[in-house]
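In: What shape does this take:
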Amino acid sequence: MAPLNTISTLSNESAKVIIAACEAKARSMGLSMNIAVVDASTHLLSFSRMDGAKLTSISIAIDKAFTAAGHRVGTHTYKEAVWPGGPAFGIWNSNGNRFTTIGGGLPILGKKGEVLGAVGCSTGTPAQDQEVAAAGVAAVERFIRSEDGVKARL
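Out: Next up is the predicted model:
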């Protein structure tokens, strides 16, 4: 057994790729968004509040990213489980009330399924927020593959 673990996590450069892709997607949908990117340890790495984004959605975007990274699944996956009597009813009270079950938070996974970080978007409907977040995930996945390709050629 190794005495230390090494984890892969998003870099600031990756966060910039995510933010740019999310902003572009939101603009194409006619929306303004709050966009949060967290690292593998759920700590805020980057944040963007587009002009016109709801002020009350700032913490929601951050909490969506926190939840997606910490629980390794999209925040939308809890939708049916959180109703009274559901298996996850009351889960939003966990983690200092930061756990959110509103769609719009997606984890970013590495090649081995490990969480590298997450993105959370908020201001639109949960479906719109998730669509914008998915654009950021897709962009950073392309970026990571291109970076891996560059390193493999060196």
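In: Which parts of the longest helix along the chain count as buried, going by neighbours?
Out: Secondary structure assigned by DSSP state H gives helix 126-153 as the longest helix of the chain. Residues of helix 126-153 classed as buried by neighbour count (16 or more other C-beta atoms under 10 Å): 126, 128-137, 139-141, 143-144. C-beta coordinates here come from the backbone N, C-alpha and C atoms, glycine included.
In: Which secondary structure elements does it sit against?
Out: Using 3 or more C-beta pairs under 8 Å, 6 or more residues apart in numbering; DSSP states H and E as the contact test, the elements touching helix 126-153 are helix 12-28, strand 34-39, strand 105-109, strand 115-122.
In: Return the distance of the residue nearest the centre of the chain relative to Thr67.
Out: Residue closest to the average C-alpha location in the chain (C-alpha atoms, centre = their mean): Val119, at 1.7 Å. Here Val119 is placed at a distance of 11 Å from Thr67 (C-beta to C-beta, to the nearest Å).
In: what residues are shared contacts of these two?
Out: Residues touching both Val119 and Thr67 by C-beta atoms under 8 Å, 6 or more residues apart in numbering: Gly105.
In: can you give me the angle the longest helix of the chain makes with strand 115-122?
Out: An angle of 150 degrees separates the directions of helix 126-153 and strand 115-122 when computed by axes from the mean of the first three to the mean of the last three C-alpha atoms, to 10 degrees.
In: what sits against the residue nearest to the centre of the chain?
Out: Contact analysis of Val119 by C-beta under 8 Å, 6+ apart lists 18, 22, 35-38, 65, 68, 105-106, 108, 133, 136-137.
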